[in-house]
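*Asks:* Next come a sequence and a model predicted from it.
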Amino acid sequence: MALQEDVKQVMGSLLAVAQLVLKQQGALTPFGVAMTTDGEILHLAGEDGIEPAEAIERLTAACSKSAKAGDYRATAIAYDVLITHPETGEERDAVAVNFDHRENASVIYCLPYGIAGGEVELEQPLTQQGEGRVFQTTAGGADGPGGGGIIQP
C-alpha cells in the first residue's frame, strides 16, 4: 500500500476518535493509532493520571519497540496543544499528531479546532517535520514546513 493511503487510513481513524473524545470531554488525553504490517488499524490508549508529555513519551517508546520488532508500518500519536497560529497570531486549541511511517516519513500535523453547539470543527492542518523517533528515520529536526517549534505538548 502506498504511503499516502497509509496516511489517509491512520489519520482518518485517529481524527475520528479525537473528535469523539473532544465532543464528549472537551479535552484530549494523549492516545495513538498504529497500522500493522498487515494493514490492520490498532487503537493505543494513553495513560490517565500522568503529565501529557510523559504519556506521549511512553506511547512513543511503545510504538518504537513494536516498530523495531517489525510489527508496525505507521503510527500516529495525538495530543491536545495550545498554539499561536502562525498566520493570525491568535492562540488556538489544536490537536497535534506525531505521524511516523517506516518509509522514512515523519510529520507533525497540527489541526486547530473549535467546539460550538456540541460539535467539533477541525481546521486545515499546519505541518512541520517530525523527529522520526518511532522508526528512527533520518528525517529529524523541527524546522520543516510550518516553522520550527510551533507545536509543543
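*Replies:* Here it is on my side, so go on.
*Asks:* Centroid-nearest residue for the protein?
*Replies:* Nearest to the mean C-alpha position of the chain, by Cα atoms, centre = their mean, lies residue 97 at 1.6 Å.
*Asks:* Skipping its backbone neighbours, what lies nearest that residue in space?
*Replies:* Counting by Cβ to Cβ, 6 or more residues apart in numbering, residue 97 lies nearest to residue 109, which is 4.4 Å off, once chain neighbours are set aside. The way it works is simple: take the backbone N, C-alpha and C, and place the C-beta from them, glycine included.
*Asks:* Beyond the helix or strand harbouring the one you found, next helix or strand please.
*Replies:* Assessed by DSSP states H and E, residue 109 sits inside strand 105-116. Using DSSP H and E, the helix or strand that follows strand 105-116 in sequence is strand 119-122.
*Asks:* buried set for that next one?
*Replies:* Within strand 119-122, the residues scored as buried using 16 or more other Cβ atoms under 10 Å are residue 120.
*Asks:* residues touching the residue nearest to the centre of the chain, list them.
*Replies:* Applying Cβ atoms under 8 Å, 6 or more residues apart in numbering to residue 97 gives the contacts 11, 14-15, 76-78, 108-111.
*Asks:* Indicate each strand paired with the strand holding residue 109 and its parallel or antiparallel sense.
*Replies:* For strand 105-116, the paired strands and their directions (DSSP bridges) are strand 91-101 (antiparallel), strand 119-122 (antiparallel), strand 126-129 (antiparallel).
*Asks:* of the ones you listed, which approaches residue 29 most closely?
*Replies:* Residue 29 lies closest to strand 91-101 among the strands paired with strand 105-116, at 11.9 Å (Cβ to Cβ).
*Asks:* before we move on, the earlier item: need the strands paired with strand 105-116 in JSON lines with distance to residue 32 and mean pLDDT, can you?
*Replies:* JSON lines is the format used below for these (distance: least, Cβ to Cβ, whole Å; pLDDT from 0 to 100):
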{"stretch": "strand 91-101", "distance to residue 32": "9", "mean pLDDT": "95"}
{"stretch": "strand 119-122", "distance to residue 32": "18", "mean pLDDT": "92"}
{"stretch": "strand 126-129", "distance to residue 32": "18", "mean pLDDT": "92"}
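*Asks:* I'd say residue 135 and residue 71 touch.
*Replies:* No - with contact defined as Cβ atoms under 8 Å, residue 135 does not reach residue 71; the gap is 11.7 Å.
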